[in-house]
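Peer 1: Sharing a model prediction with you, sequence too.
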Amino acid sequence: SSTTLIIGTKRGSLLTFDFANNVWTRCAPWTSSTSSSPSVAPQGSCMDVRPDGKFVAVGTTTGDIVIAPLSSSPSSSSQHSSLDYKTTIQSLHWITTSHLLSFHIKGVVLSWRYDDDGGGGGDDDV
């Protein structure tokens with residue numbers, strides 16, 4: 001088993017570094033925002049790697065969750081809104097490969113379910 005460092009920037013870049021092989025990999029961006037104004041694009045506020053290491057969940061300042069693949073192949077990211085509750089996500093935690101908790105400001109916790117491929121999903125229980 002090798003140790004990998006994952007770096008996600010606020011604006012959408014996603015990189016991994018494999019310590020065993022001394023290799024950097026640029027992954028597909030976690031954001032697919034097409035906005036030309038940087039102030040409109042969501043900013044990353046936290047992230048958590050899925051237990052199987054295939055995807056990373058990124059929480060944003062607009063209350064969205066983006067599930068991005070940890071690979072260099074171009075792939076679309078899945079973005080899931082936190083219903084109408086648009087507050088910054090402070091923390092994310094994968095319970096299993098299909099169950100994610102999002103912790104928002106003001107003490108709100110949401111539970112999300114995702115398919116094994118990182119897509120699908122939605123709010124379960126609050």
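Peer 2: Yep, that arrived.
Peer 1: In this protein, where is pLDDT below threshold?
Peer 2: Scanning the chain with the threshold set as pLDDT under 70 gives 1, 32-41, 74-79, 81-83, 85, 116-126.
Peer 1: ok, now with 80
Peer 2: Across the chain, the ranges flagged by pLDDT under 80 are 1-2, 11, 32-42, 72-85, 115-126.
Peer 1: could you pull out the strands for it?
Peer 2: Listed in chain order, the strands of the chain (DSSP state E) span 4-8, 14-18, 23-26, 44-49, 55-60, 64-69, 78-81, 89-96, 99-104, 109-113, 122-123.
Peer 1: Contacts for the fifth one, please.
Peer 2: Just to be clear, that refers to strand 55-60. 6, 8, 14, 30-31, 42-50, 65-70, 88-92, 94, 100, 102, 118 (Cβ atoms under 8 Å, 6 or more residues apart in numbering). For every residue, glycine as well, the C-beta is placed using N, CA and C.
Peer 1: nearest residue to Asp48 other than its sequence neighbours?
Peer 2: Leaving aside its chain neighbours, Asp48 sits nearest to Leu92 (4.2 Å; criterion: Cβ to Cβ, 6 or more residues apart in numbering).
Peer 1: now the one you found, which residues is it bridged with?
Peer 2: Using DSSP bridges, the bridge partners assigned to Leu92 are Ser102.
Peer 1: ok, it - how many residues close by?
Peer 2: 20 (other Cβ atoms under 10 Å).
Peer 1: these two touch, right, Ser2 and Thr16?
Peer 2: No: using Cβ atoms under 8 Å, Ser2 makes no contact with Thr16, being 10.7 Å away.
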